[in-house]
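> show me how the following folds:
(one chain, ligands or ions: 1)
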Amino acid sequence: MASNPLWTRAAQLREQLHKHNFLYYVLDQPEIPDAEYDRLFQELRDLEAAHPELVTPDSPTHRVGGQPLEAFAPVRHTVPMLSIHTETSAGGAAAFDAQVRRRLDLGKDAPPIEYICELKFDGLAVNLRYENGILTQAATRGDGEIGEEVTQNVRTIKTVPLRLQGAAPEVLEVRGEVYISRPDFERYNAQQRAAGRPTLVNPRNGAAGSLRQLDPTLTAQRPLSFFAYGLGETRGWTAPATHSAVLDVLAAWGLPVSSERTVTQGAEGLLAFHRVIAEKRDALPFDIDGVVYKVNRLDWQQRLWRQQQRQNLLAREPHWAIAHKFPAQEELTVVEAIEVQVGRTGALTPVARLKPVFVGGVTVTNATLHNADEVARKDVRVGDTVIVRRAGDVIPEVVGVVLKRRPPDAQPFVMPETCPVCGSHIARPQGEAVARCLGGLCCRAQCKEAILHFASRRAMDIEGLGDKLVEQLVDRDLVRSPADLYALSAGTLASLERMAAKSATNLIEALERSKTTTLARFLYALGIREVGVATASALATHFSALEALMAADEEQLQQAPEIGPVVAAAIRAFFQEPHNQQVITRLQAAGVCWPDPVRPADSQQLAGLTFVLTGTLESLTRDEAADRLRALGAKVSSMVSQKTHYLVVGRDAGSKLDKARKMGVAVLNEAELRVFLGWQ
Ligand code: IVH
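As a prediction, this is how the structure comes out:
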């Protein structure tokens, strides 16, 4: 078979797809465009369909899911999958360290113990079995002794390598957690909601439910990810001396291992890690429910485990590790009212007013119910006891109702038939989940949101124009469109509540400063549906002049990068509306302008260079620096990769700087950036 050209081609394709998969999903550094990947993938799929004998167990085509199963086959774990003792109190780390020292019989004067600290991922534990580097079996934890075989489903997880990189042992069992990242969870649920289909309750249940689907094509549609954190059975391999070194080896084989891991000494080291991660928890792109401390030396882990087994044959929680938990991200509370909020685009969102509850580290009093369909599906009623979830900086959400605690008189929620703010009609286009108020800027709620958006940092950046002030301006009919802002006088402003003469003049100055802006910011500030910061920037670059953009038809709009038919239609509809044209004319008449950022001859002086910005800059924000770099033709990316030419660092630069140094990417500080760009 080896000399068969088709076989050779299939092997080549598999090789390339494995590599690009790894670059894309694990390292986040794609080297080829998606379309090229799709082409390679399709070629392999066609080849395998025509010649089934070419299919191998590690073929990347398996990721799309195979035949549905009748039931899951049981799998006996050759090395049991253990649980972990959990501590919640601050004293947990010190108590653990003291116990480990005592159990290892280390004297008082022995040096501090070395630990590896990891995250406690909130998903579902799995065991992945690799034989000679090929993924041959995946199983859930089950009761620790016997789990369920979920090989087909695990093969659909993009970050799980189907084949290890480099020389691999005869048998290697890798243990880790299957999870769904927060952005993937939000995206998936938003799609489901928009299509009127059921949403996932939370990332953890979503991950567990997806993995236990009998039909792997369904699993393939769920955005699952994986982190490795340990080993099961191994054969034909000598493990390194420490757990931290094991994780390094796993990463080198191409397995995803979280970079949030640290080797520390003693109880103080453990607590320091706990503090750092507690601080970072909200910013992580996935849920964790705590941190895990493990004795780093594997010989000590074994010593503790043997000792423990001698004492108690049923031991399930090894003495070499504990989990130190954080406050829960889901709690119970009571719905006191359900109100309907009107957003900038008129979208009506039912919001549950809650009895205050401490969840995910903050006190929550409101939670979104998304839309009428969601309220109906979850059947949330005033008086109900509900599960509230707050994870990361995501808006708190009602996950479900505890029906057993429903009071007998609880009334189902009904969506109002007219806008609760302005009384205008409400429209809910067929096939859409969202109902909208048709009042436009006449609706005070929409008007307030539009003004706040216009003034926001990434739009016109009008400092001092906060929600309390906008509320008064709109309620007193002083401002009914963004253009009215520039007609305000210091005298009028000073007459408002909580506005002194000084703050009034400050705001007038801020308004004055905001008049000179960029086309990209101006477009974003207009609040056109479907046009976020990135789209606004793409439109500004593509059309250069507002007049050209306003005159463009849908076909011309779609010539701009990443503008599809939906966005094009939204832009066209916005500029065709006479009221919007008027607002734009008035804004320009008031002096809003966007001078050409650079002389045309110079404008592309940074073309071909990719920059990444990190940390806090002093003299301008990162967004501003990015705008200026883009204006000079540079590409600004959010991730350091082989393609990065310069990393610009501000104060408190973190992992990006480490990564840039490791990869040999040139680093500029703010002063150097300014000199480099001739801004001094
Ligand atoms: S080690 C003690 N490490 O926590 C040895 N478990 O184990 C066995 N978990 O459902 C586990 N993150 O899936 C270990 N970094 C981590 C972990 C972790 C999450 C989960 C694991 C299991 C539970 C108890």
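
> give me the element the closest residue to the ligand within the stretch 101-250 of the chain is part of.
Of the residues in the stretch 101-250 of the chain, the one nearest the ligand is residue 125, at a distance of 3.1 Å by C-beta to the nearest ligand atom. Any C-beta I mention is one placed from the backbone N, CA and C, and that applies to glycine too. Taking DSSP states H and E as the criterion, the element that holds residue 125 is strand 124-131.

> helices or strands up against that strand?
For strand 124-131, the packing partners by 3 or more C-beta pairs under 8 Å, 6 or more residues apart in numbering; DSSP states H and E come out as strand 134-140, strand 171-180, helix 203-211, strand 224-235.

> contact partners of the helix or strand just after the shortest one?
Which is strand 134-140. Following the chain from strand 134-140 toward its C-terminal end, the next helix or strand by DSSP H and E is strand 146-148. Applying C-beta atoms under 8 Å, 6 or more residues apart in numbering, the external contacts of strand 146-148 come out as 72-77, 81, 127, 139-142, 212.

> can you give me the helices in the stretch 251-400 of the chain?
Taking DSSP state H, counting those that start in this stretch as the criterion, the stretch 251-400 of the chain carries its helices at 266-280, 298-311, 372-378.

> relative orientation of the second one and strand 224-235 in degrees?
Okay, so that is helix 298-311. Interaxial angle of helix 298-311 relative to strand 224-235 (axes from the mean of the first three to the mean of the last three C-alpha atoms, to 10 degrees): 80 degrees.

> hmm, back to that, quick one: the contacts of strand 146-148 as a markdown table, columns for distance to residue 361, pLDDT and neighbour count too.
Supplementary listing: those in a markdown table, determined by distance: C-beta to C-beta, whole Å; pLDDT from 0 to 100; neighbours: other C-beta atoms under 10 Å:
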| residue | distance to residue 361 | pLDDT | neighbour count |
| --- | --- | --- | --- |
| 72 | 37 | 87 | 17 |
| 73 | 41 | 91 | 12 |
| 74 | 40 | 91 | 12 |
| 75 | 38 | 93 | 20 |
| 76 | 40 | 94 | 10 |
| 77 | 35 | 94 | 21 |
| 81 | 30 | 93 | 22 |
| 127 | 32 | 98 | 26 |
| 139 | 34 | 96 | 26 |
| 140 | 30 | 93 | 22 |
| 141 | 28 | 92 | 19 |
| 142 | 32 | 87 | 17 |
| 212 | 30 | 88 | 14 |
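
> which pair of those residues spans the longest distance?
Largest separation among the contacts of strand 146-148 by C-beta to C-beta: 76 and 212, giving 18.3 Å.

> circling back: for residue 337, which of the helices of the stretch 251-400 of the chain is the nearest?
Closest to residue 337 of the helices of the stretch 251-400 of the chain, according to C-beta to C-beta: helix 372-378, at 12.9 Å.

> how close does residue 582 sit to residue 393?
37 Å (C-beta to C-beta, to the nearest Å).

> how far away is the residue nearest to the residue of the stretch 101-250 of the chain closest to the ligand when sequence neighbours are not counted from residue 80?
On the basis of C-beta to C-beta, 6 or more residues apart in numbering, the spatially nearest residue to residue 125 that is not a chain neighbour turns out to be residue 141, at 4.2 Å. Applying C-beta to C-beta, the value for residue 141 to residue 80 is 9 Å.

> quick check: buried residues in the helix or strand of the chain with the lowest mean pLDDT?
Comparing every helix and strand of the chain by mean pLDDT, DSSP states H and E singles out helix 670-676 as the least confident one, with a mean of 76. By neighbour count, with 16 or more other C-beta atoms under 10 Å as the criterion, the buried positions of helix 670-676 are 670, 673.

> which ones are touching the residue nearest the centre of the chain?
Nearest to the mean C-alpha position of the chain, counting by C-alpha atoms, centre = their mean, stands residue 183 at 3.1 Å. Under the criterion of C-beta under 8 Å, 6+ apart, the contact list for residue 183 reads residue 285.

> near the ligand, which residues of the protein are found?
Along the chain, the residues adjacent to the ligand under the rule C-beta under 6 Å from any ligand atom are 82-84, 118-121, 125, 177, 229-230, 292, 318, 321.

> ok and the residue in the stretch 351-500 of the chain nearest the ligand?
Closest approach of the stretch 351-500 of the chain to the ligand (C-beta to the nearest ligand atom) occurs at residue 391, with a separation of 15.7 Å.

> that residue reaches residue 329, doesn't it?
Yes - taking contact to mean C-beta atoms under 8 Å, the distance of 4.6 Å between residue 391 and residue 329 places them in contact.

> which residues are common contacts for these two?
Taking C-beta under 8 Å, 6+ apart as the contact definition, residue 391 and residue 329 share the neighbouring residues 202, 287, 360.

> so which of these wins on neighbours?
residue 287 (25 neighbours; other C-beta atoms under 10 Å).

> quick one: that residue from residue 391, how far?
If you measure residue 287 against residue 391 using C-beta to C-beta, the figure is 5 Å.
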